[in-house]
Structure formats: structure tokens, C-alpha cells
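Asks: heads up, no residue letters with this:
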């Protein structure tokens, strides 16, 4: 279910970015964008049937996705990944981290004046994805469907729940790692 939700939304946003690059005649950037987009889809297709993937693979995929987002948001987004190399063989649900980054950009203001800051780190037995809150005043309201799909996959596959926390300043999701 998570992958079914991810693919159309992700493709729609990516095509919008690619359209912008083509209209602005930024052919080299458009070509690089297409290659990165192809790599991200290759990851999704290769991991479509896998219940879990290595944390290193998921983080590499997430970084490719962030590179795609940087075409859209340029300087308005800061992402810091702080995961010790010894933990990268641990396992997570595929595409979950990417979806959390996507949700952060979807529901928050992302601009040079108000950068969105996303931090990804391991804390105890969780991969923690947190972002500062600067909620958009217009646009879609959250259906929480993405979070529910991630939760369902974790419960079905490893019988552990995710942790979702919202403070005055941050939105935090903790994904169990195995």
C-alpha cells in the first residue's frame, strides 16, 4: 500500500520539476534530473517485493530523492543524515524514509527565508526523522494516510509500531530498525 501511494504522487511532482527545467531550457540539469529520477524508480522497482531493505540502501535512495527535491526547493531545504556506518546493515521498510521527507516538504513552508530542516539519525533502536514545523497555511490538509501505511507495514512485517510525536517546534517519526 505504501509503494502504491508513493509512486503516482512522486512521479507527478517529479514531472512538474522536469517540466520547469525544460521550459527554462536548463537541458543539462534536466538530463541529470532524468538520470536521478530513473535511479529512484529503479530502487522502487528493485525493492517492490521486499519487506525490508538495508538502512544503507534506504538512505542512499533518500539522498537521491533529496537531490531531486533540491531542484524544486534549491536553498530552502537542509537535510542532515547522521547515521553511524556500523548501523547501515540494519533493516527498515523500503521507501518509508523518503515518504517522511516528502511529507515534510508537502506540509511545511520551504523557502530561503524559512528553510525546512530535516534531520535523520539513529536513536536507540529507531531511525528518527524529524523536521522543524512551519505549517503551510494553505494547501492540502493531512490525511495521515502515508503515516498509517508506514505504521501498517511495520506492524505487519516486524510486529513493532512506529512512534509519531508532534511538539510546538518539531514533527518526529521514529521507525523501528531491525
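Replies: Noted; the coordinates are in hand. Note that this is a predicted model, so its numbers are computed, not measured.

Asks: helix, strand or coil for the residue of the chain most remote from its centre?
Replies: Going by C-alpha atoms, centre = their mean, the residue of the chain most distant from its centre is residue 25, 27.8 Å out. Using DSSP: H, G, I helix; E, B strand; the rest coil, the three-state assignment for residue 25 comes out as coil.

Asks: In this structure residue 59 contacts residue 89, no?
Replies: No: with contact defined as C-beta atoms under 8 Å, residue 59 does not count as touching residue 89 (11.8 Å). No exception for glycine: its C-beta is placed from N, CA and C like everyone else's.

Asks: Give me the more crowded residue out of those two.
Replies: Neighbours per residue, other C-beta atoms under 10 Å: of residue 59 and residue 89, the larger number sits with residue 59, 18 against 9.

Asks: measure residue 88 to residue 153 for me?
Replies: Distance from residue 88 to residue 153, counting by C-beta to C-beta, to the nearest Å: 20 Å.

Asks: repeat for residue 101
Replies: In terms of C-beta to C-beta, residue 101 sits 17 Å off from residue 153.

Asks: So residue 88 and residue 153 - more neighbours on which side?
Replies: residue 153 (21 against 15).

Asks: What are the phi and psi values at the more buried one?
Replies: Dihedral angles of residue 153 (phi, psi; degrees, to the nearest 10) stand at phi -60, psi -40.
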